[in-house]
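Asker: okay, predicted coordinates and the sequence, questions at the end:
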Amino acid sequence: MTQSNPKIEVKELTILFGATPALNGVSFDVRHQEILAVIGPANSGKSSLLLALNRMLSRIHEASVTGSILLDGRDIGNIEDVEDLRRRVGMVYAMPIALPMTIRENVLFGIRLKRTIRKNEGDTIVESTLRSSFLWDEVKDRLDTSALNLSGGQQQRLCLARTLAVGPEVILYDEPCSGLDPISTAKVEEAMKELKTAHTQILVTNNTKQAARVGDRTAFLLMGELVEIDDTDKIFTFPSDPRTEQYVTGKFG
Amino acid sequence: MRIAPRTTQAIAKGLLLTATASAVGALVFVVGFVLAGGLRHVSWSFLTEPILDMGRAGGIFPAIVGTLLMVLVSVGIAAPLGIASAIYLAEYTREGRLTQTIRFGINCLAGVPSIIFGLFGFILFVNILGLGWSVLSGGLSLAAMILPTVIRTAEEALRSVPTSYRDVAASLGATRWQVVTKSVLPYAIPGILTGVILGIGRSIEETAVVIFTAGSAVQTPTSVFDSARTMAVHFYILAREGISNENAYATAAVLICTILIINTTAYTLMHRLMRGRRAA
């Protein structure tokens, strides 16, 4: 697999909840190690798109998906080991969901589902992932205290570390900073930029400024349609569709 | 005329306080009355001696053993079965007509008078299955009686665990079973345990079912196939036949203390289990 092949190819993806369409025949590629920002107003299908990419949608009974999603050229719909797919395509949710256990246990939760790990291996993983999520310095002295004592911004970075710990190739973010203060937001964005060296990332965000700050490319979704996908600079300066321009300049949405 | 919000607030608070006070007061009065009347007749020999002269003399050792055995059998069957059913209903089924029917049935069963379960147990376990009047028949019938309560409370407890915990686990590669065992059950345990403790309480205090299915033998049961009487049945017989008021009260006092001990132990265990999970 050469780097020129896309990491993810989305082809004619349609998502229905019952009879209500959330996404309508959307096609695009995601390149290796880029940050693709996905913007659009509420109900434009952004979150549904993310949930389709690691087949979390299959947990929702009313949802039906047509079209295909290729990960490294392979249709994820044909992957039998869906748990393995979800380890490869990790997810950070909008609300920080720290599990009611210690910080260390939170980070190691995902790996321990798969195998038992030795103490020193665990220590290494805890430190490296917490460093990657810019949380290590704040929590290194209290790894064995409850994660629920952390602030919202810290919890969200803990969630990122927990996702990183299972070794994903792709990381999906569903409005990860919607409830965070500016400093925590900056740290999450910093982490995302550092993670580019080894990860492909898709960032769904309501905050167009955030898309402009961290996105290599930006996709604009509107009412389940992909209006435009292009380099972030272009989307924010010379978008080819007037609706994109209206949205990014704040005329609606 | 409109009553000032401050006044309604005061009235509401007063009514709520009165309601709570009367509920707690009645409870304290009953328990206090029984303990006061019974505890002075309780002695070491009362706890360890056999039932003599139909309960006029001796102790209640056989009834204590009978009670503990019966509770062990009923909860030993109802708890795993009930918790498993609750997990299936809450985690593995889609909400639909079938689950609604099942849930409705469970709620109805929870309201069925215990004597019906006694009759059911008598017909099925004692007669048809030929288990006779025995601890096993009694325990099975009690299990059937408390099963709806266990299922209902356990299902509630499972459903009260945030959906996001399940999503997080699944997104980290958990199988459905791992989602249940790693990110749902641990947080539902307090609620589940409450249901089991309710079940224990109902098994201990039950008389009708036990008389129908386990008999009222005064000998100490040596296996689950022996007939036995529980403390509740012993108390009922002593009081109803006018055999010995003193011993009836003493039995009731021991019964209440047993329930207190079991509940305290269960809650202590639970807190020990949950330690370290909550925020400080």
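Answerer: Received it, and whenever you're ready, just let me know what you need.

Asker: in chain A, which residue is closest to the centre?
Answerer: A centroid search over chain A (Cα atoms, centre = their mean) returns residue A:172, at 1.5 Å, as the residue closest to the centre.

Asker: that one belongs to a helix?
Answerer: No: Residue A:172 is assigned strand when assessed by DSSP: H, G, I helix; E, B strand; the rest coil, not a helix.

Asker: who's it bridged to?
Answerer: residue A:91, residue A:202 (DSSP bridges).

Asker: in contact with it, which residues are there?
Answerer: Shown in contact with residue A:172 (Cβ atoms under 8 Å, 6 or more residues apart in numbering or on different chains): A:50, A:53-54, A:89-92, A:201-202, A:204. The C-beta positions use only the backbone N, C-alpha and C, and glycine is treated the same way.

Asker: most neighbours out of the residues you listed, which is it?
Answerer: Neighbour counts for the contacts of residue A:172 (other Cβ atoms under 10 Å in any protein chain shown) peak at residue A:92, which has 29 neighbours.

Asker: what about the closest residue to chain A within the stretch 51-200 of chain B, how many neighbours?
Answerer: Per Cβ to the nearest Cβ, residue B:172 is where the stretch 51-200 of chain B lies closest to chain A, at 3.4 Å. For residue B:172, the neighbour count with other Cβ under 10 Å is 27.

Asker: for it, list the residues it contacts.
Answerer: A:86-87, A:90, A:109-110, A:113, A:162-163, A:166 are the contacts of residue B:172 under Cβ under 8 Å, 6+ apart.

Asker: so which bits of chain A are right by chain B?
Answerer: Neighbours of chain B within chain A, by Cβ under 8 Å from any Cβ of the partner chain: A:54, A:56, A:59, A:61, A:83-84, A:86-87, A:90-91, A:93, A:95, A:97, A:99-102, A:109-110, A:113-114, A:145-146, A:148-149, A:159, A:162-163, A:166.

Asker: ok, 7 Å please
Answerer: Counting by Cβ under 7 Å from any Cβ of the partner chain, chain A comes close to chain B at A:54, A:56, A:59, A:61, A:83-84, A:86-87, A:90-91, A:93, A:95, A:97, A:99-102, A:109-110, A:113-114, A:145-146, A:148-149, A:162, A:166.

Asker: would you map the strands across chain A?
Answerer: A:8-17, A:20-30, A:35-39, A:63-71, A:74-75, A:89-92, A:170-174, A:200-204, A:217-222, A:225-231 (DSSP state E).

Asker: distance of residue A:64 relative to residue A:48?
Answerer: 11 Å (Cβ to Cβ, to the nearest Å).

Asker: between those two, tell me which one has more neighbours.
Answerer: Neighbour count, other Cβ under 10 Å: between residue A:64 and residue A:48, residue A:48 has more, with 23 against 14.

Asker: where does pLDDT dip in chain A?
Answerer: Residues of chain A meeting the criterion pLDDT under 70: A:1-3, A:253.

Asker: let me redo that: chain B
Answerer: Using pLDDT under 70, the flagged stretches of chain B are B:275-280.

Asker: tell me where it has strands.
Answerer: Using DSSP E, strands in chain B cover B:51-52, B:57-58.

Asker: deepest of those strands, which one?
Answerer: When the strands of chain B are scored by mean count of other Cβ atoms under 10 Å in any protein chain shown, the highest mean neighbour count falls to strand B:51-52 (a mean of 16).

Asker: neighbouring strands - and their directions - for that one?
Answerer: With DSSP bridges as the test, strand B:51-52 is paired with strand B:57-58 (antiparallel).

Asker: burial check on residue 44, number of neighbours?
Answerer: Reading this off chain A. Residue A:44 has 24 nearby residues by other Cβ under 10 Å.

Asker: was after chain B, sorry
Answerer: 8.

Asker: what about it, distance to residue B:254?
Answerer: Per Cβ to Cβ, residue B:44 is found 12 Å from residue B:254.

Asker: what's the answer for residue A:95, then?
Answerer: 51 Å.

Asker: before we move on, what about residue B:83?
Answerer: 30 Å.

Asker: what about stretch A:35-44, how long is it end to end?
Answerer: Distance between the boundary residues of stretch A:35-44 (Cα to Cα, to the nearest Å) amounts to 20 Å.

Asker: off-centre distance for that stretch?
Answerer: 12 Å (Cα atoms, centre = their mean, to the nearest Å).

Asker: buried ones in that stretch, by neighbour count?
Answerer: A:35-40, A:44 (16 or more other Cβ atoms under 10 Å in any protein chain shown).

Asker: closest to chain B among those?
Answerer: Distances from chain B to the buried residues of stretch A:35-44, taken by Cβ to the nearest Cβ, are shortest for residue A:38, at 17.7 Å.

Asker: isn't the closest one up against residue A:46?
Answerer: Yes: here residue A:38 reaches residue A:46: they are 5.1 Å apart, a contact under Cβ atoms under 7 Å.

Asker: what is in contact with those two at once?
Answerer: Here residue A:38 and residue A:46 have A:204, A:221 as joint contacts, going by Cβ atoms under 7 Å, 6 or more residues apart in numbering or on different chains.

Asker: about what we covered before: residue A:95 and residue B:254 - which one has more neighbours?
Answerer: Between residue A:95 and residue B:254, residue B:254 has the larger neighbour count (other Cβ under 10 Å), namely 24 against 15.

Asker: contacts only, for that one.
Answerer: By Cβ under 7 Å, 6+ apart, the neighbours of residue B:254 are B:42, B:60, B:231.

Asker: now do 8 Å
Answerer: For residue B:254, the contacting residues are B:38, B:42, B:46-47, B:60, B:64, B:231, by Cβ under 8 Å, 6+ apart.
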